[in-house]
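> let me see the structure of the following:
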Amino acid sequence: MSAFVQQDPHQDPLRRPSRGLRHFLAALPENGSLQVLDLGGLSESNVSFLSALGCKIHALDLLALFDAFRSSLPGRGLGPGDAEAFIEEYLGFPPANFEAILVWDVLEYLDEEVLELAVSRLGQILRPSGSLLTFFHNQSRGELVTLNQYQIENDETLRLRPLRRRPLPHTFNNRSLERLFAGFSSVKFFLTRDSIREVIAIR
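Okay, here's the model as predicted:
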């Protein structure tokens, strides 16, 4: 299911509305201490915002960890054993450990072997009915796009902190994303004018 998000062309380019974020936050349980995994690295604004909602945040920069892991391999491509080792080391959390996971645009930069294992593991470490928010650029494979850190400003606005430009290793459309998240109970898309597809996946 898709929805289109209109953006004001005069707005600050480093701030963007996010209906995906609004739906993600609305899906959080209202009681108890909530465990949230943020794969975009430590962000003080995200920690402050989510802590005020009763969340306990576990943050790690999965893409930086992947880049370091891949560069440490001795002159060969990433093999199945390497992909499994990476997932076990950095996503080896107990099953059903988190109520929600903020993935941002990390997944689209992972090698294919790691990508599929990562999505499967994220589904395992989410609790039943838990939600996952992730972003995918609409540009074609090989095009340069800006890698951002996404900082929560309010319940429907993100501030972007540009990190660097890098080529997209994959191209995704709604159908390929539905296949990627086939192990989840539902997937919803929000299309935006800045060429980003926001995805909410529910376990």
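> quick one: the helices in this structure?
Along the chain, the stretches classed as helices by DSSP state H are 19-26, 44-52, 62-71, 80-90, 112-125, 174-180.
> may I see these arranged in JSON lines, with distance to Phe136, mean neighbour count and mean pLDDT as well?
Quick note: C-beta positions are derived from backbone N, CA and C, even for glycine. Written out in JSON lines, the entries for the helices of the chain read as follows (distance: least, Cβ to Cβ, whole Å; neighbours: other Cβ atoms under 10 Å; pLDDT from 0 to 100):
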{"stretch": "helix 19-26", "distance to Phe136": "11", "mean neighbour count": "19", "mean pLDDT": "95"}
{"stretch": "helix 44-52", "distance to Phe136": "20", "mean neighbour count": "15", "mean pLDDT": "96"}
{"stretch": "helix 62-71", "distance to Phe136": "14", "mean neighbour count": "16", "mean pLDDT": "94"}
{"stretch": "helix 80-90", "distance to Phe136": "20", "mean neighbour count": "15", "mean pLDDT": "93"}
{"stretch": "helix 112-125", "distance to Phe136": "11", "mean neighbour count": "19", "mean pLDDT": "95"}
{"stretch": "helix 174-180", "distance to Phe136": "7", "mean neighbour count": "14", "mean pLDDT": "93"}
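> of these, give the one that comes closest to Pro167.
Proximity to Pro167 (Cβ to Cβ) singles out helix 62-71 among those, at 13.3 Å.
> what's the distance between Ile152 and Pro128?
Counting by Cβ to Cβ, to the nearest Å, the gap between Ile152 and Pro128 amounts to 25 Å.
> quick one: which of those two has more around it?
Counted by other Cβ atoms under 10 Å, Ile152 and Pro128 do not tie: Ile152 has more neighbours, with 22 against 8.
> my read: that one touches Asn46, true?
Yes: assessed by Cβ atoms under 8 Å, Ile152 is found in contact with Asn46 at 5.0 Å.
> centroid residue for the protein?
Closest to where the C-alpha atoms of the chain average out (Cα atoms, centre = their mean) is Val103, at 1.8 Å.
> shouldn't Pro29 be in contact with Phe98?
No: applying Cβ under 8 Å as the test, Pro29 and Phe98 come out as separate, 11.6 Å apart.
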